[in-house]
Structure formats: structure tokens, C-alpha cells
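Q: Make a model of this:
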Amino acid sequence: MNDRDRTQRPKRLRIGGVATALAAVLVVGPTYAAEANEPAAGIEFFEGSWDDAFKAAEENDRLVFVDVYTEWCGPCKLMDANVFPKDAVGDYFNARFVNIKLDAEDEDLNGPEIGDRYGIRAYPTLLFLNPDGSELGRGVAGLEVEQLIQLAKEATGEASSGFQDMAARYDAGERDSAFVRAFLEAAKVAGAKLHDDVQAKVAHRERMAPVFDEYFASRDKETLVNADDFAVIGAYKSKVERGDPAVEFVIDNYDAFARVAPENAVAAFVLESNYYTVQRMANAGDDAYLEQLDMLDGPLRRAAAFQRDLEPDSPLLREFQEENFRNGYLAQTGRWAELKQAVEARLAKPGADRARVYTSASHDFQRAEAAEYRLLAREYAERGYKLDPSNPFAAMTYARSLEQNGRNGESIAVLERALADITDPESAIANVLATQLANLKEPPAP
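A: Numbering: from 1, shown residues only. Below you'll find the predicted structure:
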């Protein structure tokens, strides 16, 4: 096994000789066995049932670490490839924890039930638990190696956060570049712990944004092309649209950054920036979104080629954006006949998610004024909902269509069923459904 193979996926370890059937295994994918006399690299994730993992923790006097992820989560994939396989992480976690990877959406592994039990609302969620299952702490964010270790130390009481002390030093005027970068890194850990307090998270982000901007503006740009500074840029400018100085700096120096930092992270960073720029422009009806999309064949072609090799069906690639953002552009510019043709073409594709296509199209056509397309919006909303009544977005769209046609009683029933199916009443989607329902029952005063 070469070094490249060893860093592609964290190693899974069978602890205590536990052998379980495939249906009970908590992790999927290949298991890389250690070579003879070769020390294990990275975190050794437990293979076995959820209950067996906690039994192993109790028997071996260890705590439990759980990486709660989904297959579509970008930061989860980056941690899986770039953080969990590192020796420093393995050395720390393997000596202290029974480590579990849990796909929160895998029903065969009870992922949704376990996620509900611990109130998981975002990914990755990094859980630190006692052997009895009680929670010590958690963080919600993609983190780097030292940040993950620091989060674990704080969650288990091995160390305290130095963030407030560093904030006081910064406010007192300390501006040494190494200190400020360390402050920005510590802030990422502090922010990850604010998982349940939206206002505190917003305040934390607003507090640290100018710190990063000042740091970036004050540095000799040639000195910023290194793995640590790229990680800081990625932490503070992830998903920020094109035009931001730090984003453009990474794009202009893509080749140099790809030599010193993991290219999967560099590619994702620049492609996501372009993605959100294209999305905004298309949804605003700006013809220039096509020119922005052309960037994938121009300055961003190396990043796009890398992403295609890594994930051929990635939404960051041109094919996905051409198909998905064009509909928003057509709706915004009132080109309803073309939009209908585009929807029908997507529905005709083998393997199309028809429920999602119908629901999205209905949302677009509800903006039309012509009776023909308003009728189509109603038809699409009903089809999408009937194909997937458990989808809260389909329920919202169908309920809105019913309301627009004076069928308020049916609309209320649809929303009430959707709310009853949501296990987390505090989630964002639950709040949106509840607001829509309340407005139906007691319309706001004009």
C-alpha cells in the first residue's frame, strides 16, 4: 500500500474481535488493513454495531467520538480525505476514543433515529460521548487537524479554550501575523461550539470577519501561499462569491496553492465561489451568468478537471449548473414556454428525480401570470407531492398551490401532516412550515 492509498480514506478497525453482519456495520466502503509492522495511520474507526461500540468503550475505559456525516456533505468529504487519515489525529483519538462514523441518512444503520436522538441538524457534527451515551460536547463544522484535536480536548476537559484571552490580546492591539492567524484558527473552533445558538454564531462571524480581512490585507501576498493560510482563507471565505479579494487571490494562484495544500480543498473552494455567483446571476435573470459559467472552461478549468476526476456527477461542474440554473433564469425572465420544454426534457431523462423536478418547476411557474402556466404550476405541485409526500418542500409547494386556488382547508391538512412527520420541531424547515400554517389559519393583518 502506498502513501496515496493510505490517505484516501481513514482506516476502520475491528475492536475486540467483534464480528457483525453487513447490515449492522456502521461504516461503508473499503477497509484498509495495516501492512506488517506498519503503525496505523489516522483514526481507526470502529466496525460493528452502535451498541457494540459503546460496549467496547466501556470495556477499554475509553470515550466515544462520532463523526456524523452525509454522503452529500462537502466539508465531511474533505475531513474524511484530509484530516482523519493524519498521524497526529490518529495518535490522539485512537488512544482515547472508540471512533465511529455514522451516515445520518442511512436508515439501515439507524442513522436518522440516532441523529434525532442527539438533535443532529447540520453536518459534519462531531460528537464526544461517554460510554453510557451521554454527551460531553460537540462541534459543528469542517475542521483542520489541530482544530479537531483542540475541540476534542475542550469537549473532554483536557484543555480550556484560549479564544477569549486571544480576543482580548487582539483588542489590545496585538497584530503579529503568527498570533492573528492562530487567533483566526482558534475562532473556528469557538464557532463550531456555537451549534445551537444562531444569534451567537452570527455575532461570532461578524466579530471575526474584519479580523480576517485586516489580516489578509496586511500580509505580503507571496507569504500567504501555504497550507495553513489557505486553510484560514477557506474557513472565512468558503462559498463567498467571486470578486472578493481573497477568493480572487486563490483563483489567480490556483496552481501554487494546489502544490502546498490538498487540491481537493482548493478545487472545492474556487468552484463553490463560482457556483454561488452563477446561481445568483441566473436567478436574477442576468444573461451574464453564462459568461460566469464559461469560467469553468477558462481560468477554472484545472479545478473543474480535478473535480470531475474526483466526482463526475458533482454539482460544481458545468453540466449540473447549466441544467439547474437555466430554469431559474428562464423563470426570472418570463420565458415560460422554454421553461416548460426544459422541465419536460429533465423528466424524460432516465433516473430523473421526478418528485423534485415537479416541485421545483411548480415553484417557478407559480410566478407566471398566464393562466396556462398557473394551471401547470398546480398540476406539477400535486404530482410532486403525490410522488413524495414525505418531502417537506413538496408539501410547502403543494400547500401554497392549494391556497392560491382557495382550497385553504386542504392546504392546512397538507401542512399539518408535513409538520407531524418532522422529528425536530425546532429545525428551520419546521419553522417555515409552522409559519406558513399559522398564516393560513390566521392571515396577517393588511
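
Q: Now residue 69. Its backbone dihedrals?
A: Per-residue torsions, residue 69: phi -140, psi 170 (degrees, to the nearest 10).

Q: in the sheet, who's paired with it?
A: The residues listed as beta-bridge partners of residue 69 by DSSP bridges are residue 103.

Q: Tell me which residues touch it, please.
A: Contacts were defined as C-beta atoms under 8 Å, 6 or more residues apart in numbering; by that measure residue 69 touches 76, 80, 101, 102, 103, 104, 123, 124. Every residue, glycine included, has its C-beta placed from N, CA and C.

Q: Mind doing that once more with 6 Å?
A: Applying C-beta atoms under 6 Å, 6 or more residues apart in numbering, we find residue 69 in contact with 76, 123, 124.

Q: element containing the first one?
A: Okay, so that is residue 76. Here residue 76 is covered by helix 74-82, with elements defined by DSSP states H and E.

Q: Going by contacts, tell me the helices and strands next to that helix.
A: helix 263-283 (3 or more C-beta pairs under 6 Å, 6 or more residues apart in numbering; DSSP states H and E).

Q: run the last query once more with 8 Å
A: For helix 74-82, the elements it packs on are strand 63-69, helix 263-283, judged by 3 or more C-beta pairs under 8 Å, 6 or more residues apart in numbering; DSSP states H and E.

Q: Could you export those to JSON lines, including columns for mean pLDDT and distance to residue 55?
A: Written out in JSON lines, the entries for the helices and strands packed on helix 74-82 read as follows (pLDDT from 0 to 100; distance: least, C-beta to C-beta, whole Å):
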{"stretch": "strand 63-69", "mean pLDDT": "98", "distance to residue 55": "11"}
{"stretch": "helix 263-283", "mean pLDDT": "97", "distance to residue 55": "36"}
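
Q: With respect to burial, which of the ones you listed scores highest?
A: Greatest average neighbour count among the helices and strands packed on helix 74-82 goes to strand 63-69 (a mean of 24), per mean count of other C-beta atoms under 10 Å.

Q: Now do that strand: distance to the chain's middle.
A: Its chain's C-alpha centre and that of strand 63-69 lie 17 Å apart, by C-alpha atoms, centre = their mean, to the nearest Å.

Q: now the angle from it to helix 74-82?
A: For the pair strand 63-69 and helix 74-82, the angle between their directions (axes from the mean of the first three to the mean of the last three C-alpha atoms, to 10 degrees) equals 120 degrees.

Q: send the alpha carbons of strand 63-69 over as CSV?
A: Listed in CSV are the C-alpha atoms of strand 63-69, where the atom choice follows Å, rounded to 0.1, in the frame of the first residue of the first chain:
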residue,chain,number,x,y,z
LEU,A,63,-14.8,7.7,25.5
VAL,A,64,-16.6,7.7,22.2
PHE,A,65,-16.1,10.0,19.2
VAL,A,66,-18.7,10.1,16.4
ASP,A,67,-18.3,11.7,13.0
VAL,A,68,-21.9,12.3,11.9
TYR,A,69,-21.8,12.9,8.2
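
Q: about what we covered before: need the helices and strands packed on helix 74-82 in TSV (columns: distance to residue 169).
A: Listed next are the helices and strands packed on helix 74-82 as TSV, based on distance: least, C-beta to C-beta, whole Å:
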stretch	distance to residue 169
strand 63-69	31
helix 263-283	29
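
Q: was I right about residue 254 contacting residue 304?
A: No. The criterion here is C-beta atoms under 8 Å, and residue 254 misses it with residue 304 at 11.0 Å.

Q: how about residue 383, what does it touch?
A: 354, 355, 358.

Q: Where does it sit, in terms of helix or strand?
A: For residue 383, the element it lies in under DSSP H and E is helix 371-387.

Q: what helices or strands is the next helix or strand after that helix leaning on?
A: As assigned by DSSP H and E, the chain's next helix or strand after helix 371-387 is helix 392-404. Contact here means 3+ C-beta pairs under 8 Å, 6+ apart; on that basis helix 392-404 packs against helix 354-365, helix 371-387, helix 408-421, helix 428-441.

Q: any chance of these in a markdown table, plus mean pLDDT and distance to residue 93?
A: Rendered in a markdown table, the data for the helices and strands packed on helix 392-404 read as follows (pLDDT from 0 to 100; distance: least, C-beta to C-beta, whole Å):
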| stretch | mean pLDDT | distance to residue 93 |
| --- | --- | --- |
| helix 354-365 | 94 | 38 |
| helix 371-387 | 95 | 43 |
| helix 408-421 | 92 | 36 |
| helix 428-441 | 87 | 31 |
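
Q: Most neighbours out of the contacts of residue 383, which is it?
A: Counting by other C-beta atoms under 10 Å, residue 358 has the largest number of neighbours within those, with 27 neighbours.

Q: so where's this protein shaky on pLDDT?
A: Counting by pLDDT under 70, the chain shows low-confidence ranges at 1-40, 423-424, 426, 443-446.

Q: Tell me which residue is most central in it.
A: residue 73 (4.1 Å; C-alpha atoms, centre = their mean).

Q: Next one: it from residue 268, what distance?
A: The gap separating residue 73 from residue 268 is 12 Å, by C-beta to C-beta, to the nearest Å.

Q: Repeat that for residue 99.
A: Taking C-beta to C-beta as the measure, residue 99 and residue 268 are separated by 24 Å.

Q: next one: residue 84
A: In this structure, residue 84 and residue 268 are separated by 17 Å, where distance is defined by C-beta to C-beta.

Q: now residue 190
A: In this structure, residue 190 and residue 268 are 24 Å apart, going by C-beta to C-beta.

Q: Over to residue 196?
A: Here the criterion is C-beta to C-beta. By it, residue 196 lies 27 Å from residue 268.

Q: in what helix or strand does the closest residue to residue 339 other than its chain neighbours lie?
A: Distances taken as C-beta to C-beta, 6 or more residues apart in numbering put residue 330 closest to residue 339, at 4.1 Å, once the chain neighbours are dropped. Secondary structure here is read from DSSP H and E; on that basis residue 330 sits in helix 318-332.

Q: isn't residue 79 right up against residue 67?
A: Yes. Judged on C-beta under 8 Å, residue 79 makes contact with residue 67 at a distance of 7.3 Å.
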